[in-house]
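Chemist: Model the following, please.
(2 chains)
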Amino acid sequence: NAGVTQTPKFRILKIGQSMTLQCAQDMNHNYMYWYRQDPGMGLKLIYYSVGAGITDKGEVPNGYNVSRSTTEDFPLRLELAAPSQTSVYFCASSSRGGNTEAFFGQGTRLTVV
Amino acid sequence: QQPVQSPQAVILREGEDAVINCSSSKALYSVHWYRQKHGEAPVFLMILLKGGEQKGHEKISASFNEKKQQSSLYLTASQLSYSGTYFCGTADSSYKLIFGSGTRLLVRP
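Modeler: Purely as a prediction, here's the structure:
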């Protein structure tokens, strides 16, 4: 069972570059989330989606964009990367939003230099 | 608004008990508890839905006071494997799942 798959696992980006963090789930979950976790800190919600075609901002959306064209995929786009975006990014999914368990991917460790 | 967790850190001897608290200023539909080991993804422990339900999982249990918008995680007879950072997550009517800043737990032999 794959669950939630994130790619890449590691990435070093130069200031001003752009990239897309991929997230895919094979559990047919409607709800998907993107979080960032800075060293020694908690999880901050960037964006979330309640189904294909529907996305909404979380706590820290600035500098990021998302799209949800299919149930399975929820990519996170970083435009004009900045050192402040150095973090570990986690994608998660759940079947019924906050009422059910969230399954997390293994994370993408991003460094912006 | 991010839920508030306390304490920020706890150090225990193996076999001791601990309580981790989580509170929110917003009306909640559910409270989640996760544990994260260093360098790994958070792992689900349990979820509590509104209704004051208490759940248990071996020696780890939790309660949810819907009226006070508070939850507590109870760790009894702690084991070395309990070490890690514990996060509470809260969900409101918008289905946003947001997390507290975490409680670091260290269990020593």
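Chemist: Would you mind naming what in chain A lies close to chain B?
Modeler: Residues of chain A lying close to chain B (Cβ under 8 Å from any Cβ of the partner chain) are A:31, A:33, A:35, A:41-45, A:48, A:50, A:56, A:58-59, A:90, A:92, A:94, A:97-107. In this view, the C-beta of every residue, glycine as well, is placed from N, C-alpha and C.
Chemist: Kindly recompute the last result at 6 Å.
Modeler: Residues of chain A lying close to chain B by Cβ under 6 Å from any Cβ of the partner chain are A:Gly42, A:Leu43, A:Leu45, A:Val50, A:Gly97, A:Gly98, A:Asn99, A:Glu101, A:Phe104, A:Gln106, A:Gly107.
Chemist: show me what contacts the residue nearest to the spatial centre of chain A?
Modeler: Centrality entry for chain A: nearest residue to the mean C-alpha point is A:Trp34, 3.1 Å, by Cα atoms, centre = their mean. Residues near A:Trp34 by Cβ atoms under 6 Å, 6 or more residues apart in numbering or on different chains: A:Ile46, A:Tyr47, A:Leu76, A:Cys91.
Chemist: What count of nearby residues applies to B:Phe109?
Modeler: One correction, residue B:109 is Pro, not Phe. For B:Pro109, the count of nearby residues is 6 (other Cβ atoms under 10 Å in any protein chain shown).
Chemist: whoops, I mixed them up, B:Gln5
Modeler: Look at B:Gln5: counted by other Cβ under 10 Å, it has 21 neighbours.
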